[in-house]
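Undergrad: Sequence first, predicted coordinates after that:
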Amino acid sequence: MGSTQKYELPFKLNNSDLLHNLSFVHGEWKKSKSGKTFEVVDPGTDKAWIECPINDASDVDEAVKSSHQCFEKYRNISPRARAQMLFKWDSLIRENKEDIATILVYETGKPRSEAYGEIDYSTGFTWWFAGEAERIQGTVFTPALPDRRVFTIKQPLGVAAALVPWNFPIAMILRKAGAALAAGCVMIVKPSPETPITVLALAYLADMAGFPKGALNVLTTDLGKTPELSEALCRHPLVKKVSFTGSTRVGKLIAKICSENLKKVTLELGGNCPVLIFDDANIDQAMGQIFALKYRHAGQACITANRIYVQSGIFDEFLERWNAESKKIVVGHGSDEKTTMGPVTTPRGIEKALALVNDAKSKGATVHIGGNKISKGGGYFFEPTVITGVTPDMDIANEEIFAPVCTFIKFETEDEAVEKANDTSMGLASYCFTKNVDRMWRLFENLEAGMVGLNTGNSSAAESPFGGIKQSGYGKESGLGVATEEYLITKTGTFTLEGQT
Ligand SMILES: NC(=O)c1ccc[n+]([C@@H]2O[C@H](COP(=O)([O-])OP(=O)(O)OC[C@H]3O[C@@H](n4cnc5c(N)ncnc54)[C@H](O)[C@@H]3O)[C@@H](O)[C@H]2O)c1
């Protein structure tokens, strides 16, 4: 713990060294210049349990200079040594899994089993990027002029800034910092105000893993100072790359600032992901996969199922089974073993869900189950909700729901389903369920999304490129070569043979 704690912690950790509530800059735990703090709240109770510094633009220069100083050293560390530090970080995170999960439960609200799931998924990235550190290669080739040899090398860009959301804070950090550190870059992270403590625990473990001071700095702040701090990071001349994950609205602001300064930027933005379930699908498989996808973290994932299209032959049966299963969900605090779905992470999430449900109702949609918030222990709980009769004029058809609200839409033909699925400005992920292999290939090619799950609700892994198209952003965050490429410069050399002695 970095500063005096005025709250009683609602949990105990096995390794209390993991708990830090100050910013982490150049290996030191620091207050902000203003000395101001904000509260981190448990979404399952609405009670503050710790506070963190409010950093603003005046705190940025020192942190970035620390990162830059580190970069000058880190860029010359061998790829193998970088890989070894990434492996060490990975094993420390796995060793502290129980405690990290506890912090995650009290920041995001997700049930402990899901917190474990996030850690398992996320360490896939540290492991993968440790390997990627040693797979960064240049080329040598003979161009059209035979007396020439052209060669390329890859060099790290420099200091990278990461601006991350609260829904999967571990995955966000390990995916971004894993790629940056593998490429020889260093990173400065601005966590979401909802989840700074999880991120600080990861920074502590990176320090323990042997990364040099300044390799992974963390500047926390509250909602109010977020725009100022983010902008100062994006504008700082020593920050060469910005990796942003969050909403499309904020992503556009970040892209604008970065373009004014000609900075390389990765944008992992919102989704409005469709699921297509055909009459010939294995219904058990589709139910299991999409149910888990939709209700994971109470519907707060960018790649969650936002619109579920079911072909007319199985529509009624599918809906009936879905409703029956949804009624079995146990909503509660993430730390309660019986809980199968936690709260949404912010009160704003409840307001948005209510607004979307009410808008749909007022335009003629039918609410089969749920539709309301749940008053329980002060937390931000929302009922598992199922809606049919959704039409394109409803907000719920066009916006990310980000709550446990499921919309079902009937379709007749494949062409109709594809047209409806693609009728969105977003293009992150799509899913389809069918036993017809020809159709599967057609859908894979015709669905406008960066990732397509075929008979699976799981379209993301460390080895496969993660990222969207259309208003879901650009750039890739995992996969062979493509994620480290985001943090590299390709430098070309030309050598003339003629006249050489
Ligand atoms: N494509 C992906 O990989 C992916 C993954 C997870 C979440 N998301 C998206 O993230 C969104 C949910 O997260 P969120 O609510 O934290 O998003 P958000 O856009 O509000 O915030 C994302 C980050 O930007 C910061 N931020 C907020 N307002 C800002 C401003 N005006 N200027 C600068 N920075 C600002 C936040 O503090 C946070 O660090 C959803 O749209 C979801 O789809 C996308």
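TA: Everything's here; your move.

Undergrad: Show the contacting residues for the residue in the chain that the ligand sits nearest to.
TA: Of all residues in the chain, G246 sits closest to the ligand, at 2.4 Å by Cβ to the nearest ligand atom. (Glycine included, C-beta is placed from N, CA and C.) Residues near G246 by Cβ atoms under 8 Å, 6 or more residues apart in numbering: 163-165, 268-269.

Undergrad: bridging residues for the closest residue in space to G475 that isn't next to it in sequence?
TA: Of all residues not flanking G475 in the chain, T266 sits nearest, at 3.2 Å (Cβ to Cβ, 6 or more residues apart in numbering). Per DSSP bridges, the residues bridged to T266 are S243.

Undergrad: Show the pLDDT at the residue of the chain closest to the ligand.
TA: Note for G246: predicted pLDDT of 98.

Undergrad: next helix or strand past the longest helix along the chain?
TA: Using DSSP state H, we find that the single longest helix of the chain is helix 112-133. Downstream of helix 112-133, the next assigned helix or strand under DSSP states H and E is strand 139-141.

Undergrad: Could you pick out the residues of this protein near the ligand for me?
TA: Residues of the chain lying near the ligand by Cβ under 6 Å from any ligand atom: 163-168, 190, 192, 226-227, 230, 245-247, 250, 253, 268-271, 302, 400, 428, 468.

Undergrad: So which of these are in helices?
TA: 226-227, 230, 250, 253.

Undergrad: From these, pick the one nearest E62.
TA: E62 has its nearest neighbour among those in S230, at 16.7 Å by Cβ to Cβ.

Undergrad: Okay, that closest one and G44: tell me how far apart.
TA: Noted for S230: a distance of 28 Å to G44, by Cβ to Cβ, to the nearest Å.

Undergrad: These two: who's more crowded?
TA: Using other Cβ atoms under 10 Å, the more surrounded residue of S230 and G44 is G44, with 28 against 24.

Undergrad: And what about the more buried one, helix, strand or coil?
TA: Classification of G44 by DSSP: H, G, I helix; E, B strand; the rest coil places it in coil.

Undergrad: which residues does the closest residue to it other than its chain neighbours contact?
TA: Spatially, and ignoring its direct neighbours in sequence, G44 is nearest to H333 (3.9 Å; Cβ to Cβ, 6+ apart). The contact partners of H333, by Cβ under 8 Å, 6+ apart, come to 44-45, 109, 339, 342-343, 377, 379.

Undergrad: go with 7 Å
TA: Contact partners of H333, counting by Cβ atoms under 7 Å, 6 or more residues apart in numbering, are 44, 339, 377, 379.

Undergrad: returning to what we had before: between the ones in helices among the residues of the chain next to the ligand, identify the one with the most neighbours.
TA: S230 (24 neighbours).

Undergrad: quick one: it and L163 touch, right?
TA: Yes: here S230 reaches L163: they are 5.4 Å apart, a contact under Cβ atoms under 7 Å.

Undergrad: which neighbours do those two share?
TA: Common contact partners of S230 and L163 (Cβ under 7 Å, 6+ apart): 190, 254.

Undergrad: Find the residue closest to L319 in space, skipping its chain neighbours.
TA: Spatially, and ignoring its direct neighbours in sequence, L319 is nearest to F408 (5.7 Å; Cβ to Cβ, 6+ apart).

Undergrad: again with M172
TA: Spatial nearest neighbour of M172, excluding adjacent residues (Cβ to Cβ, 6+ apart): V164 at 4.0 Å.

Undergrad: With G109 instead?
TA: Nearest to G109 is P43, by Cβ to Cβ, 6+ apart, at 3.6 Å.

Undergrad: Run a quick neighbour tally on the one you found.
TA: Neighbours of P43 under the rule other Cβ under 10 Å: 29.

Undergrad: With the one 10 residues further on instead?
TA: Around P53 sit 27 other residues, with neighbours defined as other Cβ under 10 Å.

Undergrad: Who is it paired with across the strands?
TA: Following DSSP bridges, P53 is listed with bridge partners T37.

Undergrad: didn't G138 look like it was pressed against T152?
TA: Yes: between G138 and T152 there is a contact at 4.5 Å, judged by Cβ under 7 Å.

Undergrad: buried sites along the one helix or strand V357 maps to?
TA: Taking DSSP H and E as the criterion, V357 maps to helix 347-362. Of the residues in helix 347-362, those buried under the neighbour-count criterion (16 or more other Cβ atoms under 10 Å) are 349-350, 352-354, 356-357, 360-361.

Undergrad: With stretch 145-164 instead?
TA: Under the neighbour-count criterion of 16+ other Cβ under 10 Å, stretch 145-164 has 154, 156-164 buried.

Undergrad: And stretch 279-288, by the same measure?
TA: Buried, per 16+ other Cβ under 10 Å, within stretch 279-288: 281, 283, 286-287.

Undergrad: likewise stretch 472-485?
TA: Per 16+ other Cβ under 10 Å, stretch 472-485 contains these buried residues: 472-479, 482-485.

Undergrad: Would you work out how far apart the start and end of stretch 209-227 are?
TA: Length of stretch 209-227, first residue to last, Cα to Cα, to the nearest Å: 32 Å.

Undergrad: can you tell me the average pLDDT over that stretch?
TA: 98.

Undergrad: again with stretch 403-412
TA: pLDDT averaged over stretch 403-412 gives 98.

Undergrad: which residues are in contact with that stretch?
TA: Stretch 403-412 is contacted by residues 294-295, 298-299, 307-312, 315, 319, 322, 341, 344, 349, 352-353, 356-357, 382, 384-388, 390, 396, 417, 420 when judged by Cβ under 7 Å, 6+ apart.

Undergrad: Just the buried positions in that stretch, please.
TA: Residues of stretch 403-412 classed as buried by neighbour count (16+ other Cβ under 10 Å): 403-411.

Undergrad: Pick out whichever of these sits closest to D120.
TA: Among the buried residues of stretch 403-412, and counting by Cβ to Cβ, the member closest to D120 is P404, at 22.5 Å.

Undergrad: Now do the nearest residue to that closest one once chain neighbours are set aside against E445, distance only.
TA: Excluding the flanking residues, the one nearest P404 by Cβ to Cβ, 6+ apart is G299, at 4.4 Å. Per Cβ to Cβ, G299 is found 28 Å from E445.

Undergrad: out of those two, which sits in the more crowded spot?
TA: Counted by other Cβ under 10 Å, G299 and E445 do not tie: G299 has more neighbours, with 26 against 8.
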